[in-house]
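Asks: structure for this input, please:
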Amino acid sequence: MEFQDVVRRRRMVRNFEDRAIPAAVRDRILENALHAPSAGFSQGWAFVVLEGPDQTGRFWDASFGDEDRAGFTYDGLFRAPVVVICLSHKQAYLDRYAEPDKGWTDKSESHWPVPYWDIDTGMASLLMLLTAVDAGLGALFFGIFPERLAGVRAAFAIPDEYTPIGAIAIGYAAPDTPSPSLKRGRRPPDAVIHRGSFA
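Replies: Sure, this is the predicted structure:
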């Protein structure tokens, strides 16, 4: 698929068919994430890959309890054959930038105006979303409810030094109802692209 087609076809899919993804396709999605840019080549990310109803079912039980599902519009989300929990690792960046070639002698978070560990993990996540589209699949990046994070950490033995920034459901897309948010429309280029200065 042409890259421009991948970008234009990318959308958040909330309904999946109940069929597995070929292993080679799954691995390509995951391996492409490793090509994301990262500050200082710190690569401060990790991914917990859950596949099949036993593993993904444990994730949904931990992250989306029965009371949450009761009125949930997108029940087909829970059929996704693969769920990837995306984790950022702040300490990897603090350690990397205290190395001799970077020039900082301490590991203070104050050197970082924005959390690049989260940004870089987000870019790796986007590469997974785009690769899924290129492979003819659908995917959804979504956050984990704050009150559910401890349960997800416990269920999958996620170390304290890693932060779940969200998860990606991946599978064969089934017909679904578009998000009502799409009615807002895409902002026109002139509203967001400022050439030469913001004014």
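
Asks: need the longest helix for the protein.
Replies: Ordering each helix of the chain by length in residues (DSSP state H) puts helix 116-134 first.

Asks: who's in contact with the nearest residue to residue 90 once chain neighbours are set aside?
Replies: Among residues not flanking residue 90 along the chain, residue 117 sits closest, at 4.6 Å (Cβ to Cβ, 6 or more residues apart in numbering). For the C-beta atoms, the positions are set from N, CA and C on the backbone; glycine is no exception. For residue 117, the contacting residues are 42, 44-45, 88-90, 92-93, 163, by Cβ atoms under 8 Å, 6 or more residues apart in numbering.

Asks: please redo it, this time with the cut-off set to 6 Å
Replies: The contact partners of residue 117, taken as Cβ atoms under 6 Å, 6 or more residues apart in numbering, are 44, 88, 90, 93.

Asks: let me know the closest of these to residue 131.
Replies: Distance to residue 131 across these (Cβ to Cβ) is lowest for residue 88, with 19.5 Å.

Asks: backbone dihedrals for that closest one, please?
Replies: phi -110, psi 150 (degrees, to the nearest 10).

Asks: wait, doesn't it sit right on residue 120?
Replies: No. Under the criterion of Cβ atoms under 6 Å, residue 88 makes no contact with residue 120, lying 7.4 Å away.

Asks: so who does the spatially most central residue of the chain touch?
Replies: Centroid-nearest residue in the chain, with Cα atoms, centre = their mean: residue 125, separated by 4.0 Å. Counting by Cβ under 6 Å, 6+ apart, residue 125 touches 86, 141.

Asks: can you list the strands that whichever strand in the chain runs longest pairs with?
Replies: Secondary structure of the chain read by DSSP state E shows that its longest strand is strand 163-171. If you go by DSSP bridges, strand 163-171 pairs up with strand 82-88 (antiparallel), strand 138-142 (antiparallel).

Asks: so which of those is nearest residue 179?
Replies: Across the strands paired with strand 163-171, residue 179 has its closest neighbour in strand 138-142 (10.1 Å, Cβ to Cβ).

Asks: which element follows the closest one toward the C-terminus?
Replies: On the C-terminal side of strand 138-142, the nearest following helix or strand under DSSP states H and E is helix 149-155.

Asks: CA atoms only for that next one - export them in CSV, please.
Replies: Provided in CSV are the C-alpha atoms of helix 149-155 (Å, rounded to 0.1, in the frame of the first residue of the first chain):
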residue,chain,number,x,y,z
LEU,A,149,-3.9,0.9,36.3
ALA,A,150,-3.0,-0.9,39.5
GLY,A,151,-5.0,-3.9,38.5
VAL,A,152,-3.4,-4.0,35.0
ARG,A,153,0.1,-3.7,36.6
ALA,A,154,-0.6,-6.6,38.9
ALA,A,155,-2.2,-8.8,36.3
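
Asks: heads up, I number from 36, so please use that
Replies: Sure, I'll start counting at 36 from here, so that last one is helix 184-190.

Asks: what packs against that helix?
Replies: The contact analysis (3 or more Cβ pairs under 6 Å, 6 or more residues apart in numbering; DSSP states H and E) places helix 184-190 against helix 87-98.
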